[in-house]
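[1] Build the 3D model from these lines:
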Amino acid sequence: MSEKKTEDFEQRVEKAKAILEKLMNPEITLSDSVKAYEEGMKELQAAQKMLEEAQLHIEQIRTN
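    Numbering: from 1, shown residues only. Predicted structure coming up:
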């Protein structure tokens, strides 16, 4: 995985962690909770896609 991809992955995970912290705030409104949840899920899905792409790349390297 390239350095840029690693940074992107790590940034996405950090954003998701920050969103989780926001969601844990008992004073967050329902509307803000839903928005944060959607944003967090997008970040996690993007990070998951990066992991899957890295796994495919590793499998290709192993088979060659």
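[2] rest of the way, CA atoms for contacts and neighbours
    Will do.
[3] Could you pull up the mean pLDDT of stretch 27-46?
    Confidence for stretch 27-46, expressed as mean pLDDT, is 96.
[4] List the buried residues of stretch 11-25.
    Residues of stretch 11-25 classed as buried: 12-13, 15-16, 19, 22-23 (neighbour count, 16 or more other C-alpha atoms under 10 Å).
[5] Stretch 27-45 too?
    Quick answer for stretch 27-45 (16+ other C-alpha under 10 Å): 33, 36-37, 40, 43-44.
[6] For residue 53, state which of the residues you listed is nearest.
    residue 44 (14.2 Å; C-alpha to C-alpha).
[7] Can you tell me the SS state at the closest one?
    Here residue 44 is recorded as helix under DSSP: H, G, I helix; E, B strand; the rest coil.
[8] Please renumber the chain so that the first residue is 21 from this point on.
    Done: numbering now begins at 21, and the last item shifts to residue 64.
[9] which non-adjacent residue is nearest residue 61?
    Of all residues not flanking residue 61 in the chain, residue 36 sits nearest, at 7.8 Å (C-alpha to C-alpha, 6 or more residues apart in numbering).
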